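Peer 1: build me a model:
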Amino acid sequence: MLSLSLLQFLDRGALLDHTASSLAPVADAVAALSCEALKADTSTAFSFTDSDDGYSDKDVTYVSSVMKVLLNGSKLCGNLQCDQVDNIPIVHGRLRSLYKSVHSSTRIAVNSSTPFSNGNGSVSEDLTRLFSSLARALKNLGKSSWHRAHICLKGFENHNLYPTLVDSFNAGCPGLDRLNNSIKAAAKFELEDKYVESLHEIHILSKAVRKILSWEVIISFISLEGSVKGEEGIDEKPDKKKKVMGKGTTLLMQFIKDNLLSVFVANNVNDNSCSTLPEKVAQCILSHFESLLPKIKQVVESNESRRLPKLAKGTRDFAKEQMVVREKAFAIVGNVFKRHGAMALDTPVFELRETLTGKYGEDSKLIYDLADQGGEICSLRYDLTVPFARYVAMNGLTSFRRYQIAKVYRRDNPSKARHREFYQCDFDIAGDETIAADFDVVRILVELLDELNIGDYEYYRLYLSMGGSRKIRGVQNLETVRPHQLLEQMVCTAFRVAADTLNQTRFGRLKNMTIKIDQLYFTIASALKPLQANKLPGDMEIIQDVNRLCVVFEHVEKLLTLGSGSGNQWSHQQREIGI
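Peer 2: Predicted coordinates:
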């Protein structure tokens, strides 16, 4: 059984939730009218775009998109630099993100009985914190709206226009002090654990913000139409020059005219009633807030020709500095690969689906299928490995080094640093299963990272293949591993593989092996003594394994020489690694 105070709290919270959700879209439309009334510079204010890399605010981006739709085609935006215009996406976007969070939490609290089993204090306290954040966002919205209306009124005063409107605004529009007082009162009640009273103050704040927005509409409307008569009875004729408003704001202005006409008829407007008209118009705007909401949604969501194009999810544009960095990095990578005998390869961006699904199995659900009219079932490439394997098989190649830098596509859910279209860099050595090829890959990797000059780099879960089926785990989850540490780990791993190989061929385990990197002196204990040439049995598999172990030593020496030549300083102390 819920207590009366908790029911009151939830009822007040649901009311606030509804109020905030209806304020956000109306505030966007009102701000668009103000931008035209102020002749503000909007060229950069609404330039926020969703980069889809996790580093952009989607609500801020959405508000920018809505403002562009409402102002599309407007010739009234000018050169006025105004902070209250520049911060529209941020202020309105923050309100959107907070009211969505409040809406989710309020809905859970209203429809679930589980949170109330231990009393209602914790639930009320938690929701009040959320509403307190929403209150500050509402205050910022009201403050921004009030300043825009005030700037527009200043223009009237400078030209001695509509003096009654200025007086009516000062008398009827809530001031900034009222907003601050509501915030302070809500915070005071929250500290005293009076959560219902705190939400009541936030509700009063929301009503004040609604009233400020209605006054902003009135002032913007008068500025754009010039249809209000002055106090002295002088009829201010509207400018006969055709004004080109935004396609969205034009519809909103017509909607406001249709609804304000009832005010003029109901109040029998004449010269003597002009002083009270603005207050009555403000009340009319407040009463029509709910009917204004679907009209705004219709403007934003309909007429696709008006909407600016946007990126598909999981993709992004690269330009300017990003392209300069990419081109330089690609050139460095390509030169390193070519220096080591690799040839560039370019394969089609799509393959036969049967070619791709044979490799990926369960991951085939992440492959993009194409609606091909030619009868073939094709898909976009998932990576660069399968196209390379298909190329090698088709051309009967037995030995080939290739590199490829190209885009791949994955039908995945976009998230931070996870895209549906991205570049992949591949380097492969086909037809060489010796450990020499494995060490060459590591050598190229180290050389490549050094030439990119990215500072300290790390190796995560580096796997190298040896002998086809066996896998060498080189380095795993090491923090800030430098090249010489990687080489030490590679040598140790190679010894382990050799030991396992010799063990499988009845030679027993290798024991007490140490590597002295600085002196390139390798000591292998008694287990290797029987492997002298004159005692080696005539088993070709064993001979190949021992020769493979010798190749390890040769390539480590070459890699160490490379490391010392590329600026990596080796310790003068003897480095010993137990196997």
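Peer 1: which residue, other than its chain neighbours, is closest to residue 426?
Peer 2: residue 384 (4.2 Å; CB to CB, 6 or more residues apart in numbering). Where C-beta positions appear, they are placed from N, C-alpha and C, glycine not excepted.
Peer 1: ok, now which ones touch the one you found?
Peer 2: Listed by CB atoms under 8 Å, 6 or more residues apart in numbering, the contact partners of residue 384 are 347, 404, 406, 408, 424, 426.
Peer 1: and the host helix or strand of the second one, which strands flank it?
Peer 2: Under DSSP states H and E, the secondary-structure element containing residue 404 is strand 400-409. Looking at strand 400-409 with DSSP bridges, its partner strands are strand 343-344 (parallel), strand 421-430 (antiparallel).
Peer 1: of the ones you listed, which stretch is the most buried?
Peer 2: strand 421-430 (a mean of 16; mean count of other CB atoms under 10 Å).
Peer 1: and that one, C-alpha only, in PDB?
Peer 2: Extracted in PDB, the C-alpha atoms of strand 421-430 (Å, rounded to 0.1, in the frame of the first residue of the first chain):
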ATOM      1  CA  GLU A 421      32.300   1.100 -42.500                       C
ATOM      2  CA  PHE A 422      36.000   1.400 -41.700                       C
ATOM      3  CA  TYR A 423      39.500   0.900 -43.100                       C
ATOM      4  CA  GLN A 424      41.400  -2.300 -42.500                       C
ATOM      5  CA  CYS A 425      45.100  -2.900 -43.100                       C
ATOM      6  CA  ASP A 426      46.300  -6.400 -44.000                       C
ATOM      7  CA  PHE A 427      49.800  -7.800 -44.600                       C
ATOM      8  CA  ASP A 428      50.000 -11.500 -45.500                       C
ATOM      9  CA  ILE A 429      52.800 -13.900 -46.500                       C
ATOM     10  CA  ALA A 430      51.400 -16.800 -48.500                       C
END
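Peer 1: after it comes which helix or strand?
Peer 2: Sequence order places helix 435-452 as the next helix or strand after strand 421-430, per DSSP H and E.
Peer 1: could you check the angle that following helix makes with strand 400-409?
Peer 2: Put simply, helix 435-452 runs at 60 degrees to strand 400-409, going by axes from the mean of the first three to the mean of the last three CA atoms, to 10 degrees.
Peer 1: how about helix 435-452: buried residues?
Peer 2: 435, 437-450 (16 or more other CB atoms under 10 Å).
Peer 1: now that helix: mean pLDDT?
Peer 2: The average of the pLDDT scores along helix 435-452 is 82.
Peer 1: next one: stretch 355-370
Peer 2: 73.
Peer 1: can you get me the start-to-end distance on it?
Peer 2: 14 Å (CA to CA, to the nearest Å).
Peer 1: list the buried residues for the longest helix anywhere in the chain?
Peer 2: Determined from DSSP state H, the single longest helix within the chain is helix 121-158. Residues of helix 121-158 classed as buried: 123-124, 127-128, 130-132, 134-153, 156 (neighbour count, 16+ other CB under 10 Å).
Peer 1: report the angle between the next helix or strand after that helix and helix 121-158.
Peer 2: Downstream of helix 121-158, the first helix or strand assigned by DSSP H and E is helix 163-172. Put simply, helix 163-172 runs at 160 degrees to helix 121-158, going by the same axes, to 10 degrees.
Peer 1: in helix 163-172, what's buried?
Peer 2: So for helix 163-172, counting by 16+ other CB under 10 Å, buried means 164-166, 168-169, 172.
Peer 1: pLDDT and distance to residue 208 for those residues - can I get that in TSV?
Peer 2: Below are the buried residues of helix 163-172 laid out as TSV (pLDDT from 0 to 100; distance: CB to CB, whole Å):
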residue	pLDDT	distance to residue 208
164	77	23
165	79	20
166	80	20
168	83	17
169	85	14
172	84	12
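Peer 1: which outside residues touch stretch 322-336?
Peer 2: Applying CB under 8 Å, 6+ apart, the contact partners of stretch 322-336 are 318, 344, 403, 405, 425, 444, 447-448, 451-452.
Peer 1: re the thing from before, out of the strands paired with strand 400-409, which is closest to residue 244?
Peer 2: Nearest to residue 244 among the strands paired with strand 400-409 is strand 421-430 (38.7 Å), distances taken as CB to CB.
Peer 1: what residues does the closest one touch?
Peer 2: So strand 421-430 is contacted by 314-315, 333, 337, 342, 383-385, 388, 392, 397-409, 437, 440-441, 444 (CB under 8 Å, 6+ apart).
Peer 1: show the pLDDT at the residue nearest to residue 345 when sequence neighbours are not counted.
Peer 2: Computed as CB to CB, 6+ apart, the closest residue to residue 345 that is not its neighbour in sequence is residue 402, at 4.4 Å. As predicted, residue 402 sits at a pLDDT of 92.
Peer 1: hang on, residue 402 packs against residue 387?
Peer 2: No. In this structure residue 402 lies outside contact range of residue 387 using CB atoms under 8 Å: 10.7 Å.
Peer 1: more neighbours: which of the two?
Peer 2: residue 387 (24 against 20; other CB atoms under 10 Å).
Peer 1: nearest to residue 59 among the contacts of stretch 322-336?
Peer 2: residue 318 (24.4 Å).
Peer 1: helix or strand: which one has that closest one?
Peer 2: Using DSSP H and E, no helix or strand contains residue 318.
Peer 1: that one and residue 332: what is the separation?
Peer 2: Look at residue 318 and residue 332: by CB to CB, to the nearest Å, they are 17 Å apart.
Peer 1: those two: which has the busier surroundings?
Peer 2: residue 332 (14 against 10).
Peer 1: quick one, phi/psi of that one?
Peer 2: Taking degrees, to the nearest 10, you get phi -60, psi -50 for the backbone angles of residue 332.
Peer 1: quick one on the thing from earlier: who's in contact with the residue nearest to residue 345?
Peer 2: 342-345, 388, 426-428, 430 are the contacts of residue 402 under CB under 8 Å, 6+ apart.
Peer 1: and residue 353, by the same measure?
Peer 2: With CB under 8 Å, 6+ apart, residue 353 has these contacts: 367, 369, 377-379.
Peer 1: thinking again about what came up before, identify the bridge partners of the residue nearest to residue 345.
Peer 2: The partner residues for residue 402, given DSSP bridges, come to residue 343, residue 428.
Peer 1: gap between it and residue 31?
Peer 2: 56 Å.
Peer 1: now residue 332
Peer 2: 47 Å.
Peer 1: now swap in residue 188 and tell me
Peer 2: 31 Å.
Peer 1: give me the more crowded residue out of the two.
Peer 2: Each of residue 188 and residue 31 has its neighbours counted (other CB under 10 Å); residue 31 has more, 28 against 13.
Peer 1: which secondary structure element contains that one?
Peer 2: Secondary structure (DSSP H and E) places residue 31 in helix 4-38.
Peer 1: residues touching the following helix or strand past that helix, excluding its own?
Peer 2: Using DSSP H and E, the next helix or strand after helix 4-38 towards the C-terminus is helix 58-70. Outside helix 58-70, the residues that touch it by CB under 8 Å, 6+ apart are 25, 28-29, 31-32, 35, 42, 45-50, 88-90, 92-94, 96-97, 100, 246, 248-249, 252, 299-300, 306-308, 310.
Peer 1: tell me the buried residues in helix 58-70?
Peer 2: Buried-residue list, helix 58-70, by 16+ other CB under 10 Å: 59-70.
Peer 1: just the CA coordinates for it, please, in CSV.
Peer 2: The C-alpha trace of helix 58-70 is given here as CSV (Å, rounded to 0.1, in the frame of the first residue of the first chain):
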residue,chain,number,x,y,z
LYS,A,58,23.0,13.2,-30.0
ASP,A,59,20.4,15.5,-28.4
VAL,A,60,22.5,18.6,-29.2
THR,A,61,22.8,17.3,-32.8
TYR,A,62,19.1,16.7,-32.9
VAL,A,63,18.2,20.2,-31.8
SER,A,64,20.6,21.6,-34.5
SER,A,65,18.9,19.5,-37.1
VAL,A,66,15.4,20.7,-36.0
MET,A,67,16.5,24.3,-36.1
LYS,A,68,17.9,23.9,-39.6
VAL,A,69,14.6,22.4,-40.8
LEU,A,70,12.6,25.2,-39.2
